[in-house]
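Asks: here is a sequence together with a model predicted from it:
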Amino acid sequence: MRVGQVSGFAHPCLSRGSDARRVDIKRGLQIPVYDLGCGGAGATTIERELATTDGVVSVYVNPATETAYVDYDPAETDAWTLARVIEQVGYRAGRPRGA
């Protein structure tokens, strides 16, 4: 999977710009996001913040399942740091779990 993709499909919110690099060692993660609701505004806000976090390769937030799916480089960040990013934008994050 390349930078800016989720499940093999390009996602417009994920690209980190022209400085994005391919990460060969990455880890998948799911983070529950409580009280997100089914609207897309909160999901987009969380995606944008996570995508700009160092070490994040790709991210997709599904508002229907209230789950953030994140691929990241464990050498640059960790699961709990990513959960804190979600909380910093005003949502309650659950315990991160491997994808």
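Replies: In hand now; what should we look at?
Asks: just name the shakiest helix or strand of the protein by mean pLDDT.
Replies: Using mean pLDDT, DSSP states H and E, the weakest-scoring helix or strand in the chain turns out to be strand 9-10, at a mean of 44.
Asks: just the mean pLDDT for the following helix or strand past that strand, thanks.
Replies: Counting by DSSP states H and E, the next helix or strand C-terminal to strand 9-10 is strand 27-34. Mean pLDDT, strand 27-34: 95.
Asks: flag every buried residue along strand 27-34.
Replies: Within strand 27-34, the residues scored as buried using 16 or more other CB atoms under 10 Å are 27, 29-33. Every residue, glycine included, has its C-beta placed from N, CA and C.
Asks: my read: V89 touches T44, true?
Replies: No. Using CB atoms under 8 Å as the test, V89 is too far from T44 to be in contact (10.6 Å).
Asks: need the contact list for I86.
Replies: By CB atoms under 8 Å, 6 or more residues apart in numbering, I86 lies in contact with 31, 33, 46, 49-50, 68, 92-93.
Asks: G28 versus that one, what's the distance?
Replies: Distance of I86 to G28, given as CB to CB, to the nearest Å: 16 Å.
Asks: cool, G90 as well?
Replies: 25 Å.
Asks: just N62 next, same as before
Replies: Counting by CB to CB, the gap from N62 to G28 is 14 Å.
Asks: what segments of this protein are strands?
Replies: Here the chain has its strands, by DSSP state E, at 5-6, 9-10, 27-34, 56-62, 67-72, 92-93, 97-98.
Asks: of all the ones you listed, which lies closest to G40?
Replies: Closest approach to G40 among the strands of the chain is made by strand 56-62 (9.0 Å; CB to CB).
Asks: in that closest one, what's buried?
Replies: 56-61.
Asks: equivalent analysis for stretch 87-99, please.
Replies: Using 16+ other CB under 10 Å as the test for burial, stretch 87-99 gives 91, 93, 96.
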